[in-house]
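Colleague: below: sequence and its predicted model.
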Amino acid sequence: KGQSVSGADFDVIADHTEMNGMTMHGKATDQGYGSYAIKTIFSMAGKWKLTVQVRKEALDFKQEIDLEIK
């Protein structure tokens with residue numbers, strides 16, 4: 001609904017789409033006011049698919065994002 005959500009379980013998965021087995025996973029931390037942060041170092045350039053999943057009570061939202069690292 002476009003509203004911010006604090007205190008949610010926020011998972012991030014990054015899959016390198018051009019190389020099998022190149023996957024990273026982590027939990028983003030709540031920064032307050034509906035903002036979350038995660039820090040990573042992409043191990044190689046190329047096309048990645050990020051999957052973010054936010055869960056809190058009845059909310060279970062998942063979105064995929066295509067990303068190219070150069």
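Modeller: Nice, I can see it. Numbering: from 1, shown residues only.
Colleague: from here on, contacts and neighbour counts on C-alpha atoms
Modeller: Noted.
Colleague: tally up the residues packed near the nearest residue to E18 once chain neighbours are set aside, please.
Modeller: For E18, ignoring the flanking residues on the chain, the nearest one in space by C-alpha to C-alpha, 6 or more residues apart in numbering is K47 at 6.6 Å. When neighbours are counted by other C-alpha atoms under 10 Å, K47 registers 16.
Colleague: kindly state the beta-bridge partners for K47.
Modeller: Following DSSP bridges, K47 is listed with bridge partners E68.
Colleague: check contacts around it.
Modeller: The contact partners of K47, taken as C-alpha atoms under 8 Å, 6 or more residues apart in numbering, are H16, T17, E18, D66, L67, E68, I69.
Colleague: before we move on, what about S4?
Modeller: S4 makes contact with Y33, G34, S35, according to C-alpha under 8 Å, 6+ apart.
Colleague: who are the contact partners of the residue nearest to the first one when sequence neighbours are not counted?
Modeller: When the adjacent residues along the chain are set aside, Y33 lies closest to S6, with 6.1 Å between them (C-alpha to C-alpha, 6+ apart). Applying C-alpha under 8 Å, 6+ apart to S6 gives the contacts D30, G32, Y33, G34, S35.
Colleague: swap the cut-off to 7 Å and go again
Modeller: Residues near S6 by C-alpha atoms under 7 Å, 6 or more residues apart in numbering: D30, G32, Y33, G34.
Colleague: buried only: go through these for me.
Modeller: Those of the contacts of S6 that meet the buried threshold are D30, by 16 or more other C-alpha atoms under 10 Å.
Colleague: which members of the contacts of S6 are the farthest-apart pair?
Modeller: D30 and Y33 (8.4 Å; C-alpha to C-alpha).
Colleague: how about the secondary structure of G7?
Modeller: coil (DSSP: H, G, I helix; E, B strand; the rest coil).
Colleague: quick one: the helices in the protein?
Modeller: For the chain, no helices turn up when DSSP state H is the criterion.
Colleague: and the residue nearest the centre of it?
Modeller: Centre of the chain computed as the mean C-alpha position; nearest residue by C-alpha atoms, centre = their mean is V12, 2.8 Å away.
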